[in-house]
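Below is the sequence, then the predicted model.
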Amino acid sequence: MAIELYRVDDRLIHGQVVIGWGHPLALRFIVLVDDNVAGSDWERELYRMGTPPEVDLYFETTESAVARMPEFAARPDPGLLLTADVATMSRLCDGCTAIREVNIGGLHHRAGRSPCLPYVFLSAEDEVALKSIAARGVRVIAQDLPASDPVELGDLLTKDGA
């Protein structure tokens, strides 16, 4: 089973991830990859509180996540790998050829980002990084919930927030 979903969501662990994706995928572990969170006791505790007790939660830096990817891939139960930004996911794709699909689940409005979907706002740097991920043969889609239709990268980049 291993990692079932590689997701970019700037809110990291929240209801949409834990309930919306966690229940349908029967997740047993989450790998949260964020260099800042991995080094912050209070942030790790905050995210732990939002995770069901039966779900293992790992906090990794980008570097440690790449190093531990074979361990996560060898798990017999389903998991999710989560980053808060495209740049981190791109670095993971550089270091791990096992990633076949990346889900853009929520990148919200910030200065310098343009709307693509109601839940996806991308900067020029995000667009370049997503194209680079796709050029490695990784499918890139936007999908907020499992019941929603996935939006392919080419379609995502031509959307205007509609």
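Nice, I can see it.

right, and the helix or strand after the lowest-mean-pLDDT helix or strand in the chain?
The weakest-scoring helix or strand in the chain, judged by mean pLDDT, DSSP states H and E, is helix 15 (a mean of 87). Remark: after helix 15, the chain's next helix or strand is helix 22-25, criterion DSSP states H and E.

Report the distance from that next one to the chain centre.
Chain-centre distance of helix 22-25: 15 Å, with Cα atoms, centre = their mean, to the nearest Å.

could you pull out the strands for the protein?
3-9, 29-33, 56-60, 79-83, 101-106, 114-117, 120-122, 139-142, 151-152 (DSSP state E).

for the record, mean pLDDT for the third one?
On average, the pLDDT along strand 56-60 is 98.

Give me the distance between that strand and the centre of its chain.
13 Å.

Low-confidence ranges, this structure, go.
Along the chain, the model assigns pLDDT under 70 to residues 1, 160-162.

OK, contacts around P150?
Applying Cβ atoms under 8 Å, 6 or more residues apart in numbering, we find P150 in contact with 103, 141-143. (C-beta placed from N, C-alpha, C; glycine too.)

which of these tops the neighbour count?
A142 (27 neighbours; other Cβ atoms under 10 Å).
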